[in-house]
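[1] Need coordinates for the following:
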Amino acid sequence: MRSLFILRHAKSSWDDPRLADFDRPLAPRGRRAAAAMGAYLRTEGVTPDLALCSTARRARETFAFVSAESEGDVPVRFLRELYAASPGDLLHQIGQIPDSVRRLLLIGHNPAVGQLAIALASGGDADALKGLRAKYPTGALTMLTFDAGGWADITAGGRLERFVRPADLA
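    Below is the predicted model of the structure:
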């Protein structure tokens, strides 16, 4: 069994219009949401074996808040390729993960993370699937499980365990 956690970066700040999109930090609301999502994962007993994270500032900061709440160190690979990636690009990166990794956290950007989550979720919680298809807000987390031999075998067929938005944790 493999578990994939797809997290959209938390809410970013638009306070400095001179900053490039890539360099925008988290807004105060985003920092609170990322910490809350990290606490949620800890409460659920989820510690990823590995995280793949976009190198955009808001994604790196989201990872920092989430991992600070983790029960143990979460190894991370920061990948520039996750910024402005397509769902296919994300799936390609997932397929490169060693089979020894059982629980993978992916932190990226919309629309790709939302589209990937929808494409991979073939069954599971009906209410969560409805919410996932409606909107993938900043800071939202999709929790999928797969009966797959390896990460390269994942193309669809994931069971949607949960779709959690920051507003659900308030």
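[2] How far off centre is the helix or strand bottoming out on mean pLDDT in the chain?
    Sorting the helices and strands of the chain by mean pLDDT, DSSP states H and E puts strand 121-124 at the bottom, at a mean of 90. On the basis of CA atoms, centre = their mean, to the nearest Å, strand 121-124 sits 17 Å off its chain's mean C-alpha point.
[3] Can you give me the neighbour number for Pro111?
    Neighbours of Pro111 under the rule other CB atoms under 10 Å: 11. C-beta here means a position set from N, CA and C on the backbone, and glycine is covered the same way.
[4] let me fix that: Asp16
    Asp16 has 9 nearby residues by other CB under 10 Å.
[5] Report the separation between the residue of the chain positioned farthest from its centre and Arg24.
    The centre of the chain is farthest from one residue, Arg18, which by CA atoms, centre = their mean lies 27.3 Å away. Distance from Arg18 to Arg24, counting by CB to CB, to the nearest Å: 11 Å.
[6] for Arg165, phi and psi?
    With angles defined as degrees, to the nearest 10, Arg165 sits at phi -100, psi 150.
[7] So which elements touch the least confident helix or strand of the chain?
    The contact analysis (3 or more CB pairs under 8 Å, 6 or more residues apart in numbering; DSSP states H and E) places strand 121-124 against strand 141-146, strand 158-164.
[8] Pull out the buried residues from the last one.
    Of the residues in strand 158-164, those buried by neighbour count under the rule 16 or more other CB atoms under 10 Å are Gly158, Arg159, Leu160, Glu161, Arg162, Phe163, Val164.
[9] residues in contact with it?
    3-4, 37, 40, 117, 120-125, 128-129, 131-132, 140-146 (CB atoms under 8 Å, 6 or more residues apart in numbering).
[10] cool, the shortest one as well?
    Among residues not part of strand 141-146, those counted as contacts by CB under 8 Å, 6+ apart are 1-8, 37, 40-41, 46, 113, 117, 120-121, 124, 132, 153-154, 157-165.
[11] For ChimeraX, write a command that selects the buried ones of those residues.
    Buried residues within these, by 16+ other CB under 10 Å, are selected in ChimeraX with:
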select :2,3,4,5,6,7,8,37,40,41,46,113,117,120,121,124,132,154,158,159,160,161,162,163,164,165
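[12] State the next helix or strand along the chain beyond the least confident helix or strand of the chain.
    Once strand 121-124 ends, the next helix or strand along the chain (criterion: DSSP states H and E) is helix 126-134.
[13] what's the longest helix in the chain?
    helix 28-43 (DSSP state H).
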